[in-house]
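1. need a 3D model of the sequence below.
(one chain, ligands or ions: 2)
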Amino acid sequence: MTRKNPWFDASLSHHSPEGFTNLSPGGHQPGEVKRWRKERKAAGLPLPPAGGYEHFIATWWQPAEIDVSGSENKLWWLGHSTILLRLQNQYILTDPVFSRRASPLSFAGPERRTPIALSIADLPAVDAVVISHNHYDHLDDKSIRLLLARFPDITFCAPLGLKRWLRQRGARDVIELDWWQSVTRQGVVYTAVPAQHWSMRTFWDRNASLWCGWVIECRDCRFWFPGDTGYTPKLLQIPARLGNIDVAALPIGAYAPRWFMATNHMDPQQAVKLWEQLDKPLAFPIHWGVFELADESLDEPVCELQEALNETVSGFSNFLPLRIGQYLTLPDAGHAD
Ligand code: ZN
Ligand code: ZN
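-> Ligands and ions are numbered 1, 2, ... in the order given. Alright, predicted model coming up:
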């Protein structure tokens, strides 16, 4: 059975007749997945964090406290790639995952190593949700259903190919975009941007739906959520086309072993390089601290990030590791457009 990409546009290099292709060529050779699994098992990876899980939680986790009376632009990192963003008094969630496992199964698959920082019941009224791609650590069936049960009118911004899935779960307002397409809601502009990644939910839908990052901006602030992405200089097309990034959430986890993971996930050193190339905006690391998806231990990404930042020339850094649950006040960059 051949699959057809209903959005296929031969003039776009990331489209193929069957689905979508990566930003930069490359990808895994046959047998590499097997080799990785075998080596991971033999070495007993990932190892627990230094000092153990309890110590990690005590160091890197706190409950999120949302002061809904405030109105300044702000964000709360809820762990992994889930961020609650308040922009112009709109509450926006990125890749909401509140479940115990990032898996299609309730009894198997990567399990949360740190508690949730905020439950769905304690969220302020959510206006919009952006989805980067359909991997289980980013698109969680149960979380989406619970969110819709509480907030049936949420606007979903998703890459091409996920509308049907979201509508089947009751979402009424779903905007499906290709890279570089935008939509505006309540003065907030959402632009789907390229990412070096892939998609897969089941054995037969590899790269059938698109993956993307999101630039979310209002008058005062331009925020970039890259979703999952490997490092490629092509990511710099994003500030070149949309303007300087004021705040970036840069993924740093799921990079080991690098020979296998580097195509689709940045490591902390690459995140620092990208941050420097972006002219050092306010930034914080995401995609770490919750699920053990690769061979590195839970605390390794943030340790490596700190080392990489120490090696930069200036020493000064506004690339700040947040605790899970911690907030960040966003700068007022005053884009007068
Ligand atoms: Zn992914
Ligand atoms: Zn991921």
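
2. and the residue nearest to the spatial centre of the chain, how far from residue 116?
-> The residue lying closest to the centre of the chain (CA atoms, centre = their mean) is residue 227, at 3.0 Å. According to CB to CB, to the nearest Å, residue 227 and residue 116 sit 20 Å apart. Placement of C-beta: from N, CA and C, glycine included.

3. need phi/psi at residue 240.
-> Main-chain torsions, residue 240, degrees, to the nearest 10: phi -60, psi -40.

4. and what of residue 12?
-> phi -100, psi 120.

5. pretty sure it contacts residue 181?
-> No: using CB atoms under 8 Å, residue 12 is not in contact with residue 181; the gap is 11.3 Å.

6. residue 85 contacts residue 95, correct?
-> No: taking contacts as CB under 8 Å, residue 85 lies outside contact range of residue 95: 11.7 Å.

7. residues from the stretch 151-300 of the chain in reach of ligand 2?
-> residue 228 (CB under 5 Å from the ion).

8. now the helices for the stretch 151-300 of the chain?
-> 163-168, 237-242, 258-261, 268-277, 300-310 (DSSP state H, counting those that start in this stretch).

9. pick the most deeply packed of those helices.
-> Across these, averaging neighbours per residue (mean count of other CB atoms under 10 Å) puts helix 268-277 on top, at a mean of 21.

10. return it as CSV; C-alpha atoms alone will do.
-> Output of helix 268-277 as CSV, limited to C-alpha atoms (Å, rounded to 0.1, in the frame of the first residue of the first chain):
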residue,chain,number,x,y,z
PRO,A,268,24.1,20.8,25.3
GLN,A,269,27.2,21.9,23.4
GLN,A,270,25.2,22.5,20.2
ALA,A,271,22.5,24.3,22.1
VAL,A,272,25.1,26.7,23.4
LYS,A,273,26.5,27.2,19.9
LEU,A,274,23.0,27.9,18.6
TRP,A,275,22.3,30.3,21.5
GLU,A,276,25.5,32.2,20.6
GLN,A,277,24.6,32.3,17.0
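
11. what's that helix packed up against?
-> If contacts are counted by 3 or more CB pairs under 8 Å, 6 or more residues apart in numbering; DSSP states H and E, helix 268-277 sits against strand 247-251, strand 282-286, helix 300-310.

12. what's the closest of these to residue 264?
-> Nearest of the helices and strands packed on helix 268-277 to residue 264, taken as CB to CB: strand 247-251 at 10.3 Å.

13. which strands border the closest one, and is each parallel or antiparallel?
-> strand 222-225 (parallel), strand 282-286 (parallel) (DSSP bridges).

14. near ligand 1, which residues of the stretch 201-337 of the chain?
-> Contact residues, the stretch 201-337 of the chain versus ligand 1 (CB under 5 Å from the ion): residue 228.

15. let's go with 8 Å and repeat that
-> With CB under 8 Å from the ion as the criterion, the stretch 201-337 of the chain meets ligand 1 at residues 211, 227, 228, 254, 264, 265.

16. find the pair from those with maximum spatial separation.
-> Spanning the widest gap among those are 211 and 254, at 14.3 Å by CB to CB.
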